[in-house]
Each structure stands twice: as C-alpha cells, then as structure tokens.
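S.K.: Let me see the structure of the following:
(one chain, ligands or ions: 1)
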Amino acid sequence: MWLLPPLLLLLVPGSLAVITGPEEVTGPEQGSLTVQCHYVPGWEPYVKYWCRGAEWSNCNIFVRTTGSEWGVKEDRVSIKDNQTSHTFTVTMEKLRQEDTDTYWCGIEKSGSDHGIPVKVAVGPGSLAVITGPEEASGPERGSLTVQCHYVPEWEPYVKYWCQGAYFSICRVLVRTTGSEQGVKEDRVSIKDDQTSHTFTVTMEKLRPQDADTYWCGIERAGADPAVPVNVAIGPVPVSTEGPTSSPTVSGLHPDGRSLLSSIHFLLLILLKVPLFLSMLSAILWVNRPQQATCGQTRSN
Ligand SMILES: *[C@@H]1O[C@H](CO)[C@@H](O)[C@H](O)[C@H]1NC(C)=O
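M.R.: Sure thing, here's the model as predicted:
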C-alpha cells in the first residue's frame with residue numbers, strides 16, 4: 001500500500017496512463033506475435049495478465065504472471081514481466097484465424113484492475129509475406145498491371161507470376177532474377193522494386209483466353225509464399241444492349257457508340273440547353289408582370 005500515494009499523485013490526470021501498449025497487432029496464421037505493454041513505475045510487484053474478450057468487465061484471462069519476473073506459459077500463450085524496463089511481454093504462438101479478437105493488457109489490483117485493449121488480427125499465412133489485389137482486369141488487346149507487395153527481408157528472392165487455378169501446378173510465365181532488373185517473356189513482364197517491396201507484373205496484348213487465376217509468388221526452399229489474383233479480360237468497352245451483336249459488329253460497335261454519344265452530348269450542349277434556358281426565361285418573363293400586379297393589388 002505504501003506504493004500507492006505517490007502513484008496516485010502522478011495519475012490524477014487519467015488512470016489510463018498506468019498501462020500503454022499497441023492498439024493493434026497482427027500475426028500470420030501458424031506464426032506468432034508479440035505484444036509489449038508498458039506500465040508506470042510503482043506497479044512492478046503486481047500481477048500482470050492477458051485477457052480476451054471485447055468487454056473489459058468480462059474478458060477471459062489467458063495467462064497471468066505471479067507478480068515476479070518469472071515467465072508463465074499456458075498452452076500457446078506466454079507472459080513475462082520485466083520489472084526493470086516496466087514492460088510485460090505477451091507472446092501468442094501457433095496462431096489460428098479464430099484467435100482474432102480484442103485482448104487486454106491488465107494489471108491486477110484491489111478495486112477494478114487497470115487494462116488497455118489490444119486488437120489482435122491473424123491473417124492467412126501467405127498474407128504475412130506477400131499481398132496483392134484479389135482481382136485485376138484489362139481490355140482485350142490492351143494491357144493490365146498487377147502490383148504485389150512483400151514484407152522486408154524478401155528482397156533478394158526470385159519473384160514470379162504463375163498461371164493456373166491450382167498453385168501447385170501453375171505455369172510460371174515470368175520470373176525475376178532476384179535483382180531489380182526487369183524481365184520480359186513474350187507478352188508478360190515483371191520488375192521488382194526492392195525499396196518499396198513491390199513487384200509489378202504487366203500483361204500486354206491481352207486476349208480473352210488470358211482470363212484465369214494467376215499467382216504472385218516468391219521462390220524459396222520449401223513451400224513458396226504466394227497469393228492468387230483473378231484476372232478478367234474485358235472486351236473493348238461495349239454496351240450489352242444489343243442481344244444479337246456478332247463479334248465483327250461488336251468490334252465496330254464501340255467506336256460508333258462513343259461517336260453517337262458525343263454527338264448527342266454536343267446536341268445537348270448546343271441545342272437543348274439554350275432551348276431550355278430560353279423557354280425558362282420566357283416563362284419567367286410571362287409570369288413577372290402578373291406577380292407585380294398581384295403585389296400592387298395587395299398593397300392597396
Ligand atoms: C529487462 O529490460 C532491460 C532493459 O531493456 C534489459 O537490459 C534486461 O535484460 C531485461 N531483463 C530481462 C530479464 O529480460
């Protein structure tokens with residue numbers, strides 16, 4: 001108890017300041033994550049704990065210290081209090097998707113405990129290394145670009161672009177050399193920017209049969225990290241109005257339509273808008289004298 005009076009003086013502005021920690025922490029599925037919560041001096045000998053649940057008042061305590069610096073481990077979660085650095089560290093291992101939740105760094109005391117929430121998110125394993133767009137599309141005969149990001153430390157690895165619904169048997173279309181040098185194979189090119197941790201794939205002269213599942217992948221010993229990207233090939237912008245549009249007609253159709261619509265637009269601006277404005281002013285002009293006489297009769 002002798003610890004509390006000086007502490008209370010320190011904490012008058014807000015008791016929340018007792019513990020500070022990250023708002024959000026993410027980790028990969030099957031991997032691990034670490035959360036560090038700091039506390040103000042004076043709370044060294046108290047029990048620290050890690051609690052799960054959206055509500056502070058009824059969260060479930062996963063693991064707690066004994067009030068000493070001894071580490072404690074329960075199943076996949078461990079906690080350790082460093083009373084020199086006033087930090088307790090929680091490690092969650094063998095992460096599962098269903099571990100995603102709100103957790104709390106807590107300090108046990110008489111009365112209501114101190115606690116701060118920490119959001120924990122568990123992403124799919126491959127997401128931890130590489131992320132990319134779910135979908136990409138480009139017009140027939142046009143091109144499309146896909147950017148895939150990877151976490152630091154994967155710079156010197158070979159990145160590739162692979163085609164096929166099943167990753168295990170997909171066909172590598174182009175791969176980097178592990179350097180930043182761009183590589184081009186046929187209609188597909190790849191370039192790795194190791195500063196921004198992004199590699200860019202460009203597919204050119206697109207054909208309808210290019211629509212498929214592709215993979216942004218990184219080559220390594222063991223299972224390669226990869227993410228799927230669904231590639232769709234759109235026609236050169238065509239309206240779906242005509243039910244009987246043969247391929248040859250649809251090839252000509254778009255230009256004809258855009259020409260038609262631009263003519264329509266010109267008509268709208270040059271003819272219809274002035275016509276409308278002159279009609280409007282005519283109506284206003286007709287109405288104005290009536291309103292004036294109306295006002296005069298009222299004032300009389
Ligand atoms: C506690 O933290 C201090 C300062 O960061 C460090 O020097 C020390 O080794 C840590 N103690 C333990 C038991 O980890």
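S.K.: pLDDT value on the residue lying closest to Val47 once chain neighbours are set aside, please?
M.R.: Spatially, and ignoring its direct neighbours in sequence, Val47 is nearest to Glu108 (4.0 Å; CB to CB, 6 or more residues apart in numbering). (Glycine included, C-beta is placed from N, CA and C.) On the pLDDT scale, Glu108 is placed at 95.
S.K.: What are the phi and psi values at Glu108?
M.R.: phi -80, psi 140 (degrees, to the nearest 10).
S.K.: Thr66 is in contact with that one, correct?
M.R.: No - if you go by CB atoms under 8 Å, Glu108 and Thr66 don't touch, sitting 10.8 Å apart.
S.K.: joint contacts of those two?
M.R.: Val47 (CB atoms under 8 Å, 6 or more residues apart in numbering).
S.K.: returning to what we had before: got a list of what the residue nearest to Val47 touches?
M.R.: 46-49, 64.
S.K.: Identify each buried residue in stretch 152-168, please.
M.R.: Of the residues in stretch 152-168, 154, 157-163, 167 count as buried by neighbour count, 16 or more other CB atoms under 10 Å.
S.K.: same check, this time on stretch 101-117
M.R.: For stretch 101-117, a neighbour-count test (16+ other CB under 10 Å) marks 102-108, 113-117 as buried.
S.K.: What of stretch 52-65?
M.R.: Across stretch 52-65, burial judged by 16+ other CB under 10 Å covers 59, 61-65.
S.K.: Same check on stretch 167-186?
M.R.: Under the neighbour-count criterion of 16+ other CB under 10 Å, stretch 167-186 has 167, 170, 173-176, 183 buried.
S.K.: before we move on, what about stretch 36-53?
M.R.: Quick answer for stretch 36-53 (16+ other CB under 10 Å): 36-37, 39, 42-44, 46-51.
S.K.: swap in stretch 187-204?
M.R.: Residues 188-192, 194, 197-203 are the ones in stretch 187-204 that count as buried (16+ other CB under 10 Å).
S.K.: Surely His114 is in contact with Ile19?
M.R.: Yes - the criterion here is CB under 8 Å, and His114 meets it with Ile19 at 5.4 Å.
S.K.: Overlap of the contact sets of the two?
M.R.: Taking CB under 8 Å, 6+ apart as the contact rule, His114 and Ile19 both touch 39, 106-107.
S.K.: Just name the closest of the residues you listed to Ala211, please.
M.R.: Minimum distance to Ala211 across the shared contacts of His114 and Ile19 is 52.1 Å, recorded for Gly106 (CB to CB).
S.K.: For the nearest residue to that closest one once chain neighbours are set aside, give its distance to the ligand.
M.R.: Computed as CB to CB, 6+ apart, the closest residue to Gly106 that is not its neighbour in sequence is Gly115, at 4.1 Å. Gly115 sits 22 Å away from the ligand, going by CB to the nearest ligand atom, to the nearest Å.
S.K.: Pull the contacting residues for Gly115.
M.R.: Residues near Gly115 by CB under 8 Å, 6+ apart: 19, 51, 56, 59, 104-107.
S.K.: Now do the same for the nearest residue to Val158 once chain neighbours are set aside: its pLDDT.
M.R.: Excluding its sequence neighbours, the residue lying closest to Val158 (CB to CB, 6+ apart) is Glu219, at 4.0 Å. Predicted confidence (pLDDT) for Glu219: 93.
S.K.: Give me the distance between Ser278 and the ligand.
M.R.: Ser278 sits 81 Å away from the ligand, going by CB to the nearest ligand atom.
S.K.: try Trp50
M.R.: From Trp50 to the ligand the distance is 18 Å (CB to the nearest ligand atom).
S.K.: likewise Pro152?
M.R.: On the measure of CB to the nearest ligand atom, Pro152 and the ligand end up 24 Å apart.
S.K.: In this structure that residue contacts Thr198, no?
M.R.: No - if you go by CB under 8 Å, Pro152 and Thr198 don't touch, sitting 11.8 Å apart.
S.K.: count of residues packed around the nearest residue to Glu44 once chain neighbours are set aside?
M.R.: Nearest non-adjacent residue to Glu44, counting by CB to CB, 6+ apart: Gln83, 4.1 Å away. Gln83 has 18 neighbouring residues, counting by other CB atoms under 10 Å.
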